[in-house]
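1. need a structure here:
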Amino acid sequence: MTPRSASPARPARSARSDGLLGELTEPECWDHLTAHSLGRIAYVVDGGPTILPFNYLALDGLIWLRTTSYSELAIHLPGQRAAFAVDHADEHDHTGWSVLVRGRAEHAIGEHPGAPAGLPDPAPWPDGTRSMVFCLTPESVTGRTLRHADLGEADRSGPGSVQRHR
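-> Residues are numbered from 1 along each chain as shown. This is a model prediction of the structure:
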């Protein structure tokens, strides 16, 4: 057995990199969802989780995806509960946000009841024919944000403070 190498010492962080976690409201979550087009879909295949990056369209409270009819997603997703995540992180500033949508994914055929005029087109980035459209109907939409804390030196040492600086 070889000895474990010691991990390098972490540099002390400034007060600027201390962050506060907060909850996003559902409207704030939808603002992030509609402003972006790339996320990750998670579902279960053969008893285990699968997570794939996917471009999407958030429209009228639904998440729309389009893929090929022979993809793993097309084979395993219909009728399943699934999760869809979108996020952004600034590694330099240690800030960011994350949105999680959980619901049931359905193969959208013809006129879907949630579609305003026919099926929305999430416009997949990869080339090729992608004619199978899925709709994720949310059962819950939650989000978190990490923002800067404006903590002075005195604020970091009191009861209940996070002692990350060693």
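
2. residue contacts, Ile41?
-> Applying Cβ atoms under 8 Å, 6 or more residues apart in numbering to Ile41 gives the contacts Ile51, Leu52, Phe54, Leu65, Leu73, Leu77, Ala82, Ala83, Phe84, Ala105, Leu136. C-beta: built from backbone N, CA, C; applies to glycine.

3. Neighbour-wise, give me the winner out of the residues you listed.
-> Each of the contacts of Ile41 was scored for neighbours by other Cβ atoms under 10 Å, and Leu65 scores highest at 26 neighbours.

4. Can you tell me the closest non-neighbouring residue to that one?
-> Phe134 (4.5 Å; Cβ to Cβ, 6 or more residues apart in numbering).

5. A helix includes the one you found, no?
-> No: read with DSSP: H, G, I helix; E, B strand; the rest coil, Phe134 is strand and lies in no helix.

6. And for it, the neighbour number?
-> Neighbour tally, Phe134, other Cβ under 10 Å: 23.

7. what's His94 sitting at in phi/psi?
-> phi 60, psi 40 (degrees, to the nearest 10).

8. what's the answer for Ser71, then?
-> Torsion angles, degrees, to the nearest 10, at Ser71: phi -70, psi 160.

9. Please report the distance of it from Val133.
-> Counting by Cβ to Cβ, to the nearest Å, the gap from Ser71 to Val133 is 12 Å.
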